[in-house]
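Undergrad: Provided below for reference: sequence and predicted model.
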Amino acid sequence: MDYDFNFAAVWRDFDLLLSGLGLGLFLAVVSIAIGCLIGLLAAFGMLSRHSPVRWVSTAYVSAIRNTPILVLILFTYFALPQFGLRLGKIESFIVTLAIYSGAYLTEVFRSGLVALPTGLREAGLTIGLTEFRTKILITIPVMFRNVLPALGNNFISLFKDTSLAAAIAVPELTFYARKINVETFRVIETWLVASLMYVLACSIIAALLRQVEARLAIPR
């Protein structure tokens, strides 16, 4: 292959790539934080004794998980304004990613709740806690500890999904990589650097999550 590599154009705008990477991490953190809340509510809803609540929670999970995330992004940004709901690019993407992650986290949390021993709830009620305080102080913290590996995997996947924000011109890493590529025509160099930045960021996130899992692991 007769191709002369020249990374000068990429390094010249490397600060843009870094800022895009930072924005991508911000989008992922905020989205998964909101998604955790949505997922918790939906998980308890799926385990509810009331059939309408179970039906709504199940319908939400099924609808979102079976719809491509890019379709959800475009619908939120372009279709919702037709109904009078206008959001900025970043806000609409966060809303979409939070709802999307919430659907997947619902199953993670539901599995974690089902796996908990019934004695935890009974112990909380025995010492005088209400049903709500038992969930907040006992059930949810123990469940989170058990599902932390799956939660970490979802966060990494969610961070990679932030690359789709470029579809609505959110200035994250993929957006700036595409911009540099169009302006300089250094296709291989631009996407190689962007790919390595994603790989490095995901590797660091995975290493940090393993440290957190080790610190929170129950001694055997």
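TA: Everything's here; your move.

Undergrad: any weak-confidence spans in this protein?
TA: Along the chain, segments meeting pLDDT under 70 span 1-2, 218-220.

Undergrad: Looking at it, which helix is longest?
TA: helix 14-46 (DSSP state H).

Undergrad: which is the next helix or strand following that helix?
TA: For helix 14-46, the following helix or strand on the C-terminal side (DSSP states H and E) is helix 51-65.

Undergrad: what angle do that following helix and helix 14-46 make?
TA: If you take axes from the mean of the first three to the mean of the last three CA atoms, to 10 degrees, helix 51-65 sits at 150 degrees to helix 14-46.

Undergrad: just checking, what packs against helix 51-65?
TA: Counting contacts by 3 or more CB pairs under 8 Å, 6 or more residues apart in numbering; DSSP states H and E, helix 51-65 is packed against helix 14-46, helix 89-115. Backbone N, C-alpha and C define where each C-beta goes, glycine included.

Undergrad: any idea how far the shortest one is from the chain center?
TA: Meaning helix 89-115. Between the centre of helix 89-115 and the centre of its chain there are 7 Å (CA atoms, centre = their mean, to the nearest Å).

Undergrad: Gly45 reaches Val56, doesn't it?
TA: Yes. At 6.6 Å, Gly45 and Val56 qualify as touching, with contact defined as CB atoms under 8 Å.

Undergrad: Between the two, which is the more surrounded one?
TA: Comparing Gly45 with Val56 by other CB atoms under 10 Å, the one with more neighbours is Gly45, at 20 against 15.

Undergrad: quick one: contacts for the more buried one?
TA: Under the criterion of CB atoms under 8 Å, 6 or more residues apart in numbering, the neighbours of Gly45 are Val53, Arg54, Val56, Ser57.

Undergrad: Excluding chain neighbours, what is closest to Leu25?
TA: Spatial nearest neighbour of Leu25, excluding adjacent residues (CB to CB, 6 or more residues apart in numbering): Phe159 at 6.6 Å.

Undergrad: what's near enough to touch the most centrally placed residue in the chain?
TA: In the chain, the residue lying closest to the centroid (CA atoms, centre = their mean) is Leu158, at 3.6 Å. Applying CB under 8 Å, 6+ apart, one finds that Leu158 lies in contact with Ala28, Ser31, Ile32, Gly35, Leu97, Ser101.

Undergrad: try 10 Å this time
TA: 24, 27-29, 31-32, 35, 69, 97-98, 100-101, 104-105 (CB atoms under 10 Å, 6 or more residues apart in numbering).

Undergrad: Kindly provide the distance from it to Leu216.
TA: 20 Å (CB to CB, to the nearest Å).

Undergrad: what does Ile204 give?
TA: For Ile204 relative to Leu216 (CB to CB), the value is 19 Å.

Undergrad: cool, Ile136 as well?
TA: Computed as CB to CB, the Ile136 to Leu216 distance reads 18 Å.

Undergrad: do Tyr176 as well
TA: 36 Å.

Undergrad: Those two: which is more packed in?
TA: Taking other CB under 10 Å, Tyr176 and Leu216 do not tie; Tyr176 has more neighbours (23 against 12).

Undergrad: could you point out which element follows the one helix or strand the more buried one maps to?
TA: Using DSSP H and E, Tyr176 sits in helix 173-184. Remark: after helix 173-184, the chain's next helix or strand is helix 187-216, criterion DSSP H and E.

Undergrad: I am finished for the moment; much appreciated.
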